[in-house]
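S.K.: Sequence and computational prediction follow.
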Amino acid sequence: QAQQGASGGGLVQAGGSLRLSCVVSDPGFYVNAMGWFRQVPGKEREIVARIRWGDSDTYYADSVKGRFTVSRDNTKNTVYLQMDSLKPEDTGVYYCAPSRYSDHAMLATRWYENWGQGTQVTVSS
């Protein structure tokens, strides 16, 4: 099964940038998309971006549209989340997870599996 974990988080000032990485060690045949999620204390994990494995088509939550960019490098089995113009409300633990479903309507966490460790992103005002 695919195993991955997110990395690249840190502390940054508002307006700054970070790039998160997620290595999918064994995508196999069942990884049809990768999602990036954010979780803050007391709230449910929510999707911020998604990329389809086959054609790199993307989805973004309205809160990050125009500021975040999701991409992938098939040669490295790695998915990236470039985060620009960061805001304090972007603070949270970021996770990546694979999905068997290519349809961008599959945004809820139940459509994803093999959650790895998250990476903390803190944006100071």
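M.R.: Okay, I see it.

S.K.: buried ones in stretch 54-73?
M.R.: 58-61, 64, 67-70, 72 (16 or more other Cβ atoms under 10 Å). All C-beta atoms are positioned from the backbone trio N, CA, C, and that covers glycine.

S.K.: Mind checking which of these are in strands?
M.R.: In this view, these that belong to strands under DSSP state E are 58-60, 68-70, 72.

S.K.: contacting residues around whichever helix or strand V48 is part of?
M.R.: Following DSSP states H and E, one finds V48 within strand 46-52. The contact list for strand 46-52 (Cβ atoms under 8 Å, 6 or more residues apart in numbering) reads 32-39, 57-61, 63-64, 68-72, 79, 81, 94, 99, 102, 104, 107-109.

S.K.: can you check stretch 74-82 too?
M.R.: For stretch 74-82, contacts defined as Cβ under 8 Å, 6+ apart pick out 17, 19-25, 27, 34, 36, 48-49, 51, 68-73, 94, 96.

S.K.: how about 7 Å then?
M.R.: For stretch 74-82, contacts defined as Cβ atoms under 7 Å, 6 or more residues apart in numbering pick out 19-25, 27, 34, 36, 49, 51, 68-72, 96.
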